[in-house]
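> Here is a sequence with its predicted model. Questions after.
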Amino acid sequence: MLAHIKGNVLATGEDYVLIEVGGLGYQVYAPLPMFAAFPLQGEEVSLHTHLQVREDSWQLFGFPNKEQLEIFKLLISVSGVGAKTALGLLCFMPPSGVVQAINEGNSSIFTKAPGIGSKTAQRIVLELKDKCSKLGYEMPDGHTFAVVGTPANEVINALIQLGYSTLQARELAARAVSVSEPNTKTEQLIMTALRLSSR
């Protein structure tokens, strides 16, 4: 069982990161929008992993924290939810959001993620409600989650609307955040990203 991987980033794609370990390059599918900082080429990353073995392929899925991995494993245990669908959901909302929606019986929020219809969303809530209640992820009273709402992701969305590719937008957003002060407003981060793109 391949449970963890640590190495340098060789390249990134729309939904994966290519990591070099001991001279080998591993393609790891990951929820890139949920990374604290978008992984850039040459940087070291450390991911908790799940290896999916099928007759025709082996696919490795990686997550920056164990909570994401735990929720991913729960999601793929649901009938009709494949690994790519579960990954797409974790690109759309954090583990705490998934658990909150399940505990509240809010299946409609899942239909906003790619590849999830109403019946599948209802199965997620029905099959995972008891399991999620045992994870200890319950949200405090009155607490709500944000769906991909970090400043970096807002910058990414703005850049994509301006015509940048998703990969370009992610790299520029990561660079803008890295050179800016904490709590910099989104508008300023966008301007910084645009300045960086013209260099």
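Perfect, thanks for sending it.
> Nearest the middle, which residue of this structure would you pick?
P31 (2.4 Å; CA atoms, centre = their mean).
> list the helices and strands the strand or helix carrying E67 packs on?
Using DSSP states H and E, E67 sits in helix 66-76. Contacts defined by 3 or more CB pairs under 8 Å, 6 or more residues apart in numbering; DSSP states H and E place helix 66-76 against strand 44-53, strand 58-63, helix 83-92, helix 95-104, helix 118-133. Heads up, the C-betas are built off the backbone N, CA and C, glycines and all.
> at 6 Å what do you get?
Here helix 66-76 touches helix 83-92, helix 95-104, going by 3 or more CB pairs under 6 Å, 6 or more residues apart in numbering; DSSP states H and E.
> out of the ones you listed, nearest to N153?
For these, proximity to N153 was assessed by CB to CB; helix 83-92 is nearest, at 9.9 Å.
> Run through who's touching the closest one.
Contact partners of helix 83-92, identified using CB atoms under 6 Å, 6 or more residues apart in numbering, comprise Y29, P31, P33, Q52, Q68, F72, L75, I76, A113, P114, G115.
> Kindly present those residues as a markdown table, with separate columns for distance to M191 and pLDDT.
What follows is those, written out as a markdown table (distance: CB to CB, whole Å; pLDDT from 0 to 100):
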| residue | distance to M191 | pLDDT |
| --- | --- | --- |
| Y29 | 32 | 96 |
| P31 | 27 | 88 |
| P33 | 21 | 75 |
| Q52 | 41 | 92 |
| Q68 | 31 | 89 |
| F72 | 35 | 95 |
| L75 | 37 | 96 |
| I76 | 40 | 96 |
| A113 | 30 | 84 |
| P114 | 30 | 81 |
| G115 | 35 | 86 |
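> which two in those are spaced the farthest apart?
Taking CB to CB, the two most distant members of the contacts of helix 83-92 are P33 and Q52; they sit 20.8 Å apart.
> So which of those two has more stuff around it?
Neighbour tally, P33 and Q52, criterion other CB atoms under 10 Å: the higher count belongs to P33, 20 against 14.
> Assign a three-state SS to that one, would you?
When classified by DSSP: H, G, I helix; E, B strand; the rest coil, P33 comes out as helix.
> Fine by me, thanks again.
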